[in-house]
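Asker: Sequence and computational prediction follow.
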Amino acid sequence: MRNPIFPKPNQQASENIVNVAKAIEVAIAPSVLDSHSNDSLTNAAREFGETDEVKVEPINEIQFPVDLDELHPVSGSAIGDLMDKGFDAIAFYKSFRHINCHPAPGYWGIFYIKPRVALLINEMMSDTGLAKDECLDSILRFLYGHEIYHYKIDAICLQKEAFSNYLIYRPYRNYVNSLSIADWYEESLANHYGLAALESFNSHRGFDAYEANQVVKQFMNELVQMSPGAYRLGLDRNVISLFGPRGLLAKQIVQGCPTTNAISQASLKLLESTFFQQLLLEGYKNFKGDRFLAAELSLTFCPVNWITWYKNGSAVYASKTVPLKEIKEGFIKNYLGGEQKRLTDHEYFKIDNGELVKVPNGHDKDIRLYELKNIIEKAGMQNTEFWAARNLTNKWKKSVPREVIKSAR
Ligand SMILES: [Zn+2]
């Protein structure tokens, strides 16, 4: 079956980018490849760092669609993860410059974290009632739009490096890593183009035209709304203006470059200005926009992969989970006004809408996904609402019990 989401892979062109980048970077700073820093590691990769084994499955026309039934997420929430860390907790971009670094040495490009995509699909199905295929499709599209933006910035930097004496991308990434999540403007734009990928009306160089239905758009909009720091600015109307995230991003890109004299300061000012001009050429809501990229750096050459971390032979979710104790004492008793009903082998609580909720056994453990799902449904809530309320109430301590009582769904 032809994969309907990603452009056709071109391994040779992808390898060529690695070689070109290496030649350019080494010419500017001969020792650049000697540093064994961890800067290439995304937050997600850091979380999984200690597990045993990593499996990468490049996505091509043969291996798509992938069978997500092989994964049975038991605990955790991808929505909970992305509220903490943004969409890069579900998928991430690894630069062609870092191809030999961890995770997944030998690979670069976009990586979908398979167990987390599976979790998010489950949560989306439960909130929207849509079929699995449609959830898979729209999540992959959104994340592609988001992550390809990170490639785009990487590639523009390389183009600038080819004509300047500066290393641009590495210092820029180091600089951004030192800032708080509220200032990660590249993420605002990445989310903007993630949403744009759900309504791309024209086909373009290997991308099909596509428009998601209203339910999908609304769900993904909510997720962006719930995202932390600058990720949330993906919904900001200013996202494409000079004074919004795009102008700030252009400033940040050159911020890491050293300025030793008046000439270098003036040239950096020009560099910032041309970055901004080029970023403007993407246009509004057009994640495929790449007119400013050399043909050799086309967006279609950025590889796309699944990635799964394993420990002792089983896939690691390392996903956001909630302790049972918090669900019982916080969510059920404080937020839902739960009253203990009877003690058999399980505890039951009658909550504000009259429903009877069963609390699983266990003391120190985390609640399992299906158990949490049952309780959330009895409370008449969506997964997204649960996580938003958890944040708003500071884990069920403020503004409790809830004001609006909802019937079970
Ligand atoms: Zn991102």
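Answerer: Done, it's in.

Asker: For the stretch 251-400 of the chain, which segments are assigned as helices?
Answerer: Along the stretch 251-400 of the chain, counting by DSSP state H, counting those that start in this stretch, helices occupy 262-280, 324-325, 369-378, 383-392.

Asker: Take the ones you listed and lay them out in a markdown table including mean pLDDT and distance to E161.
Answerer: Heads up, the C-betas are built off the backbone N, CA and C, glycines and all. A markdown table is the format used below for the helices of the stretch 251-400 of the chain (pLDDT from 0 to 100; distance: least, C-beta to C-beta, whole Å):
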| stretch | mean pLDDT | distance to E161 |
| --- | --- | --- |
| helix 262-280 | 83 | 10 |
| helix 324-325 | 88 | 52 |
| helix 369-378 | 84 | 45 |
| helix 383-392 | 87 | 40 |
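
Asker: who in this protein is up against the ion?
Answerer: D88, E187, A190 (C-beta under 5 Å from the ion).

Asker: end-to-end on stretch 331-349?
Answerer: End-to-end distance for stretch 331-349, by C-alpha to C-alpha, to the nearest Å: 11 Å.

Asker: rewinding a little: so which of the residues of the chain next to the ion belong to helices?
Answerer: Within the residues of the chain next to the ion, membership in helices is found for E187, A190, as judged by DSSP state H.

Asker: before we move on, the earlier item: let me have the helices of the stretch 251-400 of the chain in JSON lines, adding mean neighbour count and distance to K341 as columns.
Answerer: As requested, the helices of the stretch 251-400 of the chain are exported to JSON lines (neighbours: other C-beta atoms under 10 Å; distance: least, C-beta to C-beta, whole Å):
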{"stretch": "helix 262-280", "mean neighbour count": "15", "distance to K341": "59"}
{"stretch": "helix 324-325", "mean neighbour count": "17", "distance to K341": "18"}
{"stretch": "helix 369-378", "mean neighbour count": "19", "distance to K341": "13"}
{"stretch": "helix 383-392", "mean neighbour count": "19", "distance to K341": "22"}
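
Asker: As a markdown table, the ones you listed with distance to P171 would be great.
Answerer: Listed next are those as a markdown table, based on distance: least, C-beta to C-beta, whole Å:
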| stretch | distance to P171 |
| --- | --- |
| helix 262-280 | 11 |
| helix 324-325 | 45 |
| helix 369-378 | 41 |
| helix 383-392 | 34 |
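
Asker: Stretch 5-23: which residues count as buried?
Answerer: I5, F6, P7, P9, A13, S14, I17, V18, V20, A21 (16 or more other C-beta atoms under 10 Å).

Asker: returning to that earlier point: list buried members of the residues of the chain next to the ion by neighbour count.
Answerer: D88, E187, A190.

Asker: what does the model give the last one for pLDDT?
Answerer: At A190, the predicted lDDT confidence score is 93.

Asker: Any stretches of this protein with poor pLDDT?
Answerer: For the chain, the stretches with pLDDT under 70 are 1-4, 35-45, 61-75, 205-206, 239-243, 283-284, 317-320, 343-344, 363-364.

Asker: Which residue is the nearest non-sequential neighbour of the most centrally placed residue in it?
Answerer: Centroid-nearest residue in the chain, with C-alpha atoms, centre = their mean: F87, separated by 2.0 Å. Leaving aside its chain neighbours, F87 sits nearest to H146 (5.3 Å; criterion: C-beta to C-beta, 6 or more residues apart in numbering).

Asker: where's the one you found relative to E329, distance?
Answerer: Going from H146 to E329 by C-beta to C-beta, to the nearest Å gives 36 Å.

Asker: Of these two, give the one with the bigger neighbour count.
Answerer: The residue with more neighbours, out of H146 and E329, is H146; 31 against 14, by other C-beta atoms under 10 Å.

Asker: Find the helix or strand that the more buried one is a member of.
Answerer: Following DSSP states H and E, the helix or strand that holds H146 is helix 132-162.

Asker: residues touching the residue in the stretch 151-300 of the chain that the ion sits nearest to, list them.
Answerer: Ranked by C-beta to the ion, the top residue of the stretch 151-300 of the chain for proximity to the ion is A190, at 4.4 Å. When contacts are counted by C-beta atoms under 8 Å, 6 or more residues apart in numbering, A190 touches F87, G145, H146, E147, Y149, H150, G234.

Asker: which of the residues you listed has the most neighbours?
Answerer: Scoring the contacts of A190 on neighbours with other C-beta under 10 Å, the highest-scoring entry is H146 at 31 neighbours.

Asker: where along the stretch 101-250 of the chain do the strands fall?
Answerer: Shown for the stretch 101-250 of the chain, the strands assigned by DSSP state E, counting those that start in this stretch span residues 109-113, 199-200, 210-211.

Asker: Look up how far Y335 lies from F386.
Answerer: 10 Å.

Asker: again, but for L279
Answerer: L279 is 43 Å from Y335, by C-beta to C-beta.

Asker: same thing with P323?
Answerer: Relative to Y335, and taking C-beta to C-beta, P323 is found at 15 Å.

Asker: residues touching E347, list them.
Answerer: With C-beta under 8 Å, 6+ apart, E347 has these contacts: K328, Q340, K358, V359.

Asker: If you rank these by neighbours, which is first?
Answerer: K328 (20 neighbours).

Asker: Would you mark the buried spots in the helix holding H146?
Answerer: For helix 132-162, by 16+ other C-beta under 10 Å, it's 134-161.

Asker: what's the angle from that helix to strand 109-113?
Answerer: 150 degrees (axes from the mean of the first three to the mean of the last three C-alpha atoms, to 10 degrees).
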